[in-house]
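K.L.:
Kindly generate the corresponding structure for this input.
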Amino acid sequence: MVKAGKVYLVGAGPGDPELLTLKALRLIERVEVVVYDRLVSPEILSLIPDTTARIDVGKRPGAHPVPQKSINQILIKLAKSGQDIVRLKGGDPMIFGRGGEEALELERHGIVVKTVPGITAAQGCAAALNLPMTHRGVARSLVYMTGHTLENRLPDMDWKQLGRASSTLVIYMGAEKISQIVERLIEAGMDATTPALAMCSATLHCQKHLSTTLAQLPHDIEKVKLDGPVLFMIGDTVALAGSNGVSRHVEQDMLAVAANA
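P.N.:
Numbers count the residues shown, from 1 in each chain. The predicted model follows:
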C-alpha cells in the first residue's frame, strides 16, 4: 500500500517573491506537484523547478473552470498516490483563501495537512504605501471583511459597529459591491469624508492605488481602471500613508486622466 503524501497549504503572499517565507520557498523547490491559484504571481511561479508538475486551478469572477469540489478531489488523489503537494494560494491560505475548507476535506480522508502562512494582501498594500493599519490615538482595531458571498449579497456584518468603530477597515473582493458597502457604512454613522483607498497588484512593479474619501470611493473607482483584484482600505490611518514613489506617480496620472475624461 502506497503511503499517502502530505499537502502543504502555502501562502504565496501579495506577489513579490522576496516576501515569500523561507519555508514556503523550500517546499516549492522540493515537492512533486504544485497546485496553484490565479493570484499567484508569475514571478513566484517562475521559482517552481522545471521538473515539478504544475496544476492551474485558478478561479476568476464568474468563471470557475475547476470547481472547489474538483480541486479537493485533485488534492486527495495526488496525496493518495504518495506525492507531496504544495497547494499554493495568493496571500495567506487561511484569510479568504478557502484553505480551511480544503484542510477539513483532506483531513476527512486521512491526509496530513500543514499550513505555511503568507503575507496577506492587506499587509502587502499597507507596506507598499508605508501605511500603518493601526496607530496609537487613531485606530485601535483592524477589521478584515469580504465583499463577496456565495449568495452574491452584502455580507452579514454589524454595520452599526463598523460605522462607529475607531478601526481600519479592509475589504477583500469588494469591487462589485463597493457602492452598497459605502452606503451602508455612511448610514451606520461613518463620516463621509473618512480617508479611503483602493489598490491592486500591491508589492509588484505594476501596483496602482487611488486615494480618496469614503463617499467619493465608488465614483472615483468608476473613473479609473485598476486591473486585477482590488483591495479597499477605509479609516483615518489611510491618511498616514507615505508617498511611495512608483505608486504615487501612478495615482497622479490616473487622476489626471480621469479629470480630463
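K.L.:
Please count neighbours and contacts with C-alpha atoms only from this point.
P.N.:
OK.
K.L.:
give the contact list for the nearest residue to residue 97 once chain neighbours are set aside.
P.N.:
Counting by CA to CA, 6 or more residues apart in numbering, residue 89 is the residue found nearest to residue 97 once chain neighbours are left out, at 7.0 Å. Listed by CA atoms under 8 Å, 6 or more residues apart in numbering, the contact set of residue 89 reads 9-13, 36-37, 39-40, 97.
K.L.:
distance of residue 89 from residue 177?
P.N.:
When distances are taken as CA to CA, to the nearest Å, residue 89 and residue 177 turn out to be 24 Å apart.
K.L.:
before we move on, the earlier item: in ChimeraX, select just the buried ones from the contacts of residue 89.
P.N.:
For the buried members of the contacts of residue 89, the matching ChimeraX selection, counting by 16 or more other CA atoms under 10 Å, is:
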select :9,10,11,12,13,36,37,39,40,97
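K.L.:
out of the contacts of residue 89, what pair is the most spread apart?
P.N.:
Farthest pair in the contacts of residue 89 (CA to CA) is 9 and 39. Separation: 14.5 Å.
K.L.:
Residue 146 contacts residue 155, correct?
P.N.:
Yes: proximity of residue 146 to residue 155 meets the contact threshold set by CA atoms under 8 Å, at 7.1 Å.
K.L.:
Just the residues contacting stretch 91-107, thanks.
P.N.:
9-15, 72, 75-76, 89-90, 112-113, 115, 117-121, 146, 172.
K.L.:
Give me the mean pLDDT for it.
P.N.:
Per-residue pLDDT over stretch 91-107 has a mean of 96.
K.L.:
Kindly check the end-to-end length of that stretch for me.
P.N.:
End-to-end for stretch 91-107, by CA to CA: 22 Å.
K.L.:
excluding its backbone neighbours, what's nearest residue 83?
P.N.:
The shortest distance from residue 83 to any non-neighbouring residue, by CA to CA, 6+ apart, is to residue 5 (4.7 Å).
K.L.:
which ones are touching that neighbour?
P.N.:
Per CA under 8 Å, 6+ apart, neighbours of residue 5: 78-85, 111-112.
K.L.:
Double-check that residue 71 belongs to a helix.
P.N.:
Yes: in this structure, residue 71 lies within a helix as judged by DSSP: H, G, I helix; E, B strand; the rest coil.
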